[in-house]
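Student: With the sequence up front, the predicted model follows.
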Amino acid sequence: REPYVVSGKGHTAVAINAAAKAGEWIKSRQGQVKDLGTKTSAQDLVTEVDKGVEQMIRRLVLTHYPDHTFLGEESVEPGAAAAAAALEEARENEYMWIVDPVDGTTNFVHGFPFYCVSIALVVRGEITVGVIYDPTRDEMFVAEKGKGAYMHGIPTAVSGETNLSDSLIAMGFPPDREFAQPVNMAGLQSILPQVRGVRAGGSAALHLAYVAAGRVDGYWEVGLNPWDCAAGVLLVLESGGKVSDTLGRPYDIGTRHIVASNGKIHEGLVSSLTSADATGYKL
Ligand code: 2AM
Ligand code: CA
Ligand code: CA
Ligand code: CA
């Protein structure tokens, strides 16, 4: 394997190091969860590994940058309102780390090897570093604002596909039955007949990394939080792709309903979701 580091710059090296250590630990715990709990619903899972890994990453980051703000999924009360409030508060600091210790907890719990660590650094509202690490495949995706995106030293690039009908599309089903499930069913019904295939892997961050790497042509999901998206969004943008909300408006760190693609099929995805009233927004 090529070294993980894109440049010698401190922030990126710290993010990569934390993601690598965290990922190694998560992988070693697969199949050995001791404390399985739930959050907003019986489908919204959390384990001692999610909490422990978040503490580990927090320590690794704050040792280097004690003045920075650390926003981690497991340190925020569950629910959209608490997430928005935590983001507002964290935004007051110039430097904000946004971390999802395990993205794809349900997969992790079941031993379905599709989960990752996601670490982003936001500087004055701009995502400047994005790191996503898949410990199962030992794949480290790294993006730096203005400097491109890489996996183990090799630049990642979105696909060149221009036809929706030849596209492989990823989506996600967050475990929110009241809000997300009806929206997702409508979206799936609209998009599935128009494309080559649809995949729902269960990790928003890893799906975004796969858009960046050209492994899928596009991806959409509603009801996400900043820690699911921030790192992956920079990966997609630095790989030549496009990210917006489900109505086609520019992505912002508070965007919850997201479309990411190679750019060429973006308009098709957005208009399909809009015409099916599957954007997650009240139209
Ligand atoms: P997680 O594994 O970190 O919780 C699956 O479609 C995606 O939804 C995953 O990225 C998953 O992240 C996320 N997710 C899980 N529970 C959620 C919830 N209650 N609300 C919003 N997103 C959630
Ligand atoms: Ca979670
Ligand atoms: Ca997540
Ligand atoms: Ca998580």
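Tutor: Noted; the coordinates are in hand. Ligands and ions are numbered 1, 2, ... in the order given.
Student: make it CA atoms for all contacts and neighbour counts henceforth
Tutor: Will do.
Student: Who are the contact partners of the closest residue to residue 183 other than its chain neighbours?
Tutor: Nearest residue to residue 183, sequence neighbours excluded (C-alpha to C-alpha, 6 or more residues apart in numbering): residue 278, at 5.0 Å. Residue 278 makes contacts with 183, 184, 186, 187, as judged by C-alpha atoms under 8 Å, 6 or more residues apart in numbering.
Student: Would you mind measuring from residue 278 to ligand 4?
Tutor: 24 Å (C-alpha to the ion, to the nearest Å).
Student: start at 72 instead
Tutor: Sure, I'll start numbering at 72, so the last one becomes residue 349.
Student: Quick check, pLDDT for that residue.
Tutor: At residue 349, the pLDDT value in this model is 97.
Student: So it: helix, strand or coil?
Tutor: coil (DSSP: H, G, I helix; E, B strand; the rest coil).
Student: For it, what are phi and psi?
Tutor: phi -120, psi 30 (degrees, to the nearest 10).
Student: re the thing from before, show the buried residues in the contacts of residue 349.
Tutor: The neighbour count (16 or more other C-alpha atoms under 10 Å) marks 254, 255, 258 as buried among those.
Student: Going by distance to ligand 1, which of these wins?
Tutor: residue 255 (10.4 Å; C-alpha to the nearest ligand atom).
Student: That closest one against residue 245, yeah?
Tutor: No. The criterion here is C-alpha atoms under 8 Å, and residue 255 misses it with residue 245 at 9.1 Å.
Student: anything in contact with each of these two?
Tutor: By the contact definition C-alpha under 8 Å, 6+ apart, residue 255 and residue 245 are jointly contacted by residue 293.
Student: which bits of this structure sit near ligand 1?
Tutor: 111, 115, 173-176, 243-247, 273-275, 294-295, 299 (C-alpha under 6 Å from any ligand atom).
Student: Please repeat the previous calculation with a cut-off of 8 Å.
Tutor: Counting by C-alpha under 8 Å from any ligand atom, the chain comes close to ligand 1 at 110-112, 114-117, 144, 149-151, 171-178, 186, 242-247, 271-276, 292, 294-296, 298-299.
Student: Please pick the buried ones from the residues you listed.
Tutor: Applying 16+ other C-alpha under 10 Å to those flags 116-117, 144, 171-178, 186, 242-246, 272-276, 292, 294-296, 298-299 as buried.
Student: Low-confidence stretches in this protein?
Tutor: 72-80 (pLDDT under 70).
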